[in-house]
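**Q** sequence and predicted structure are below.
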Amino acid sequence: MSVPYFTRFFQSQGLRFRGVLPIISAAYYTKNMLSQPKSVKFDQGGGREVTIGTGKLARQADGAVTIFQGNCVILATVVANKDPKEGQDFFPLSVDYQEKFASAGRIPGSFFKREARLNDYEILTSRLIDRALRPLFPEDYLCDVQVLVSLISSDAEIMPDSLACLAASAALAVSDIPIKEMLSEVRIARLNGKFIVNPTRSELAASDLEFLIAATEKNLMMVEGEAKECSEADLIKALELAHDAIRIQIKAQAELRALVGVTGKREYKKPVSDEAVNEKVIAFAKQKVYEISKRGSAKHERTDAYALLKDELIASLGEDVTDLEKKLAKKYYEDLKWEVVRDMMLEDRIRLDGRQLDQVRPLAMEVEPLPAPHGSALFTRGETQSLTTVTFGTKLDQILAETAASSDFSSFFLHYNFPPFSTGEVKMIRGVGRREVGHGNLAMRSLKQMMPGKEYPYTVRVVSDILESNGSSSMATVCAGSLALMDAGVPIPKHVSGVAMGLITRADGKYAILTDILGDEDHLGDMDFKVTGTRDGICGVQMDIKVDGLSMAVMMEALEQARKGRLHILDAMYECIPAARADVKSHAPRMVKLIIEKEFIGAVIGPGGKVIQEIQRETGTTINIEEVGNTGEVSIFSANKEAVDKAVAWVRGITAVPEVGDVYEGPVKGIKEFGAFVEFMPGKQGLLHISEISWKRLETMDGLFNEGDMVKVKLVGLDPKTGKFKLSRKALMPKPESSPREEGRQGQSENA
């Protein structure tokens, strides 16, 4: 091709060049323009076709793919630096999932009308991708890697988060970034007893079980989800079904990778190692690490002992040791601790704090430790402690969960706070981190299974403040949250507890399952998993699986041990508070929900909101009215019971249907020469004619009533033509005795 052709091409892209086009431009054209887009398709089941494509969008990224299903389109890109940063000693992987509002034809509602920081849903999806991808990279790979996944076209029924990890893995697969293998992720739901792979949004809304599961060809990698008290066997079945579906997706990625022509992975600079230093570390510290580990000491005592031994190790290397050798020695020391503690648990069957493998740490709990909140609980398990509160609100306090495809209001939400003092550290507090969002979401999903339905009038906010942490503060949040909800009088039928588990395996087939793991044990395991539930089943699960070839038999054993630990904690919780309080506390707000006929909604609101504003002003309540089907739903909210009762009576008065013959009492609203108008029910007036005021004949209304006087009347009729109400006061008075002359006149009148 001629240079002018290249010039015309780059000018069409808005670029200008002087003189001869640089050779790099030709290279760019050869790489990006001559290569044709490539794609593969697979059936996810039930005729639902998914397409993975590459080579058309984002071609300067190391890897880029698009996923198509229905109108849903996801773009995933991955870029990695060629070399690690100087002195880097960890793997810097960043994963961000974002939904573009334009994908659903919407404009963001923020002040700047553009996408801002990731919302909680996007953060949770990013975490799911991150946790699945991280183990794919070699342990000695320390280059910066950035994975960006974007929803660029939305489908109202397709759940994009179940395709996001597939997109990220496929982007890595078509790149030369070194990964050990490919994986994917699917959602499993159960609807009417039938398991469904990647359900639609409508199917998911009606399901009683939902798990997001990531796996490679051979191994499960990550599980997260919720269920309405499913059994351990149901979970295993869901995992097996998911793995079969994931293998289909991995096969499609391999086909796309072959079409692209990726045959090898890039070389990368490996961290410096020194086997001589490693041998010195092992010789000096191995036995001493074992002695510290088997003492069964508390967290800070053990941490101090390990730190002192590290100082002694560095001193033992001599004065001629270089800074690099010191750094390597510290790294090898941490590796040695990992190996020694694992072997101790496998061989001696004891743990860092001296417990048996299946033993839960000492429990302490109480309800109502705080007098002012609407509900509160303090839950302590070993060196982990959660102080949790419950606050009631109205529908106006509901939280908006907004994605590109939906905007949903939730009347139950949980916030989790993890201040640095909980681990004895000093750190800057810069807002809620991703870890806090993830842990709070797991606790919220677990407790949500026991919350009353939509008919419950309150918005409920649960806040867990972690005051101490040494292992699974999220599970402490579940337990404390359940206690606090019952203390507040929320009618949850059962307690929900949670326990964090660990699994350590070895190539010789030996394994150890740990119940209620410590913080130091958290990173030791080959499978870290958290299980929440009631006495009758599982409510929430979060697993990270790192071991190859984990059998379902071992996983089932681990789940059974987790069930026993969960039941042990539940027994203690029922002793603390056996059931939800029958009523909310005296200082908690009261709420009454009334169902009215649809045609009365306007009467309660009044012209321009006049009536409802008057009710709120006069009673000091907060009132919310919603149209639900063919009825109206009126929620009345106040901390004062008398105020609620007054507002309820007012609304019922407006919406009640007057009955002829009933007796009412109301104020005089107006006086005319022919009678008085009385508001005998809120918003309803009737005429008390001058002839119906007294059995005595009255000539004038002067001096009988003043506006605002309360009058007791009887509804005696309804004018069929005008719909006006006829009232009588004399009907409630005894009829005076008649004189003989009057009786005679009355008889003549009757005979006539």
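**A** Done, it's in.
**Q** a strand runs through residue 78, doesn't it?
**A** Yes - counting by DSSP: H, G, I helix; E, B strand; the rest coil, residue 78 falls inside a strand.
**Q** report the separation between it and residue 339.
**A** Residue 78 sits 32 Å away from residue 339, taking CB to CB, to the nearest Å as the criterion. In short, each C-beta sits where N, CA and C put it, glycine included.
**Q** between these two, tell me which one has more neighbours.
**A** residue 78 (28 against 14; other CB atoms under 10 Å).
**Q** who's the more buried one bridged to?
**A** Residues in a beta bridge with residue 78, per DSSP bridges, are residue 63, residue 147.
**Q** pretty sure it contacts residue 143?
**A** No - the criterion here is CB atoms under 8 Å, and residue 78 misses it with residue 143 at 11.8 Å.
**Q** next, give phi and psi for residue 66.
**A** According to degrees, to the nearest 10, the main-chain angles of residue 66 amount to phi -120, psi 140.
**Q** state the helix or strand in which the nearest residue to it once chain neighbours are set aside lies.
**A** Counting by CB to CB, 6 or more residues apart in numbering, residue 66 lies nearest to residue 53, which is 4.9 Å off, once chain neighbours are set aside. Element membership of residue 53 [criterion: DSSP states H and E] is strand 49-54.
**Q** and the longest helix for the protein?
**A** Assignment by DSSP state H gives helix 232-260 as the longest helix of the chain.
**Q** list the buried ones in that one?
**A** For helix 232-260, the neighbour count (16 or more other CB atoms under 10 Å) marks 232, 234-235, 237-239, 241-243, 245-246, 248-250, 252-253, 255-257, 260 as buried.
**Q** isn't there a helix covering residue 736?
**A** No - under the criterion used here (three-state DSSP), residue 736 is coil, not part of a helix.
**Q** quick one, what contacts the residue nearest to residue 66?
**A** Listed by CB atoms under 8 Å, 6 or more residues apart in numbering, the contact set of residue 53 reads 37-39, 65-66, 68.
**Q** what pLDDT does it get?
**A** At residue 53, the pLDDT value in this model is 96.
**Q** next one: the one 4 residues further on
**A** Model confidence at residue 57, given as pLDDT, is 95.
**Q** that one reaches residue 74, doesn't it?
**A** No - Residue 57 is beyond contact range of residue 74, at 11.0 Å (criterion: CB under 8 Å).
**Q** just give the number of residues close to the closest residue in space to residue 113 that isn't next to it in sequence.
**A** Distances taken as CB to CB, 6+ apart put residue 107 closest to residue 113, at 5.7 Å, once the chain neighbours are dropped. Residue 107 is flanked by 9 other residues according to other CB under 10 Å.
**Q** against residue 413, how distant is the nearest residue to residue 114 once chain neighbours are set aside?
**A** Once flanking residues are discounted, residue 114 sits nearest to residue 108: 5.9 Å by CB to CB, 6+ apart. Using CB to CB, residue 108 is found at 21 Å from residue 413.
**Q** could you do residue 69 as well?
**A** According to CB to CB, residue 69 and residue 413 sit 30 Å apart.
**Q** try residue 634
**A** Distance from residue 634 to residue 413, by CB to CB: 24 Å.
**Q** show me which of those two is the more surrounded one.
**A** residue 634 (24 against 19).
**Q** check for me that that one belongs to a helix.
**A** No - read with three-state DSSP, residue 634 is strand and lies in no helix.
**Q** hey, what's it bridged with?
**A** Beta-bridge partners recorded for residue 634 (DSSP bridges): residue 594, residue 625.
**Q** what pLDDT does it get?
**A** Per the predicted model, pLDDT is 91 at residue 634.
**Q** could you do residue 7 as well?
**A** Note on residue 7: pLDDT of 50.
**Q** quick one on the thing from earlier: chain center to the longest helix of the chain: distance?
**A** 26 Å (CA atoms, centre = their mean, to the nearest Å).
**Q** show me the contacts for residue 250.
**A** Residue 250 makes contact with 182-184, 216-217, according to CB under 8 Å, 6+ apart.
**Q** for those, which one is nearest residue 616?
**A** Nearest to residue 616 among these: residue 184, at 53.9 Å, using CB to CB.
**Q** tell me which element the closest one falls in.
**A** Per DSSP H and E: strand 183-191 holds residue 184.
**Q** compute the inter-axis angle for that strand and helix 232-260.
**A** 140 degrees (axes from the mean of the first three to the mean of the last three CA atoms, to 10 degrees).
**Q** partner strands of strand 183-191, with direction?
**A** Here, using DSSP bridges, strand 183-191 pairs with strand 194-197 (antiparallel), strand 209-216 (antiparallel).
**Q** what's in contact with the last one?
**A** This points to strand 209-216. Applying CB under 8 Å, 6+ apart, the external contacts of strand 209-216 come out as 128, 131-132, 136, 161-162, 165, 181-190, 204, 220-228, 230, 234-235, 238-239, 242-243, 246, 250, 541.
**Q** next: stretch 604-612.
**A** With CB under 8 Å, 6+ apart, stretch 604-612 has contacts from 596, 603, 613-614, 623, 625, 632, 634, 651, 654-655, 683.
**Q** please apply the same query to stretch 89-102.
**A** By CB under 8 Å, 6+ apart, the surrounding residues in contact with stretch 89-102 are 85, 107-108, 115, 118, 122, 125-127, 129-130, 133-134, 137, 141-152, 154, 160-161, 164, 168, 271, 327, 331, 403-405.
**Q** hmm, which of the residues you listed are the buried ones?
**A** For these, a burial check counting by 16+ other CB under 10 Å picks out 115, 118, 122, 125-127, 129-130, 133-134, 137, 141-152, 154, 160-161, 164, 168, 331, 403-405.
**Q** just the ones of those residues in strands?
**A** Counted as lying in strands by DSSP state E, out of the buried ones among the contacts of stretch 89-102, are 145-152.
**Q** tell me the one of those nearest residue 314?
**A** residue 145 (31.9 Å).
**Q** distance-wise, check the closest one relative to residue 103.
**A** Counting by CB to CB, the gap from residue 145 to residue 103 is 25 Å.
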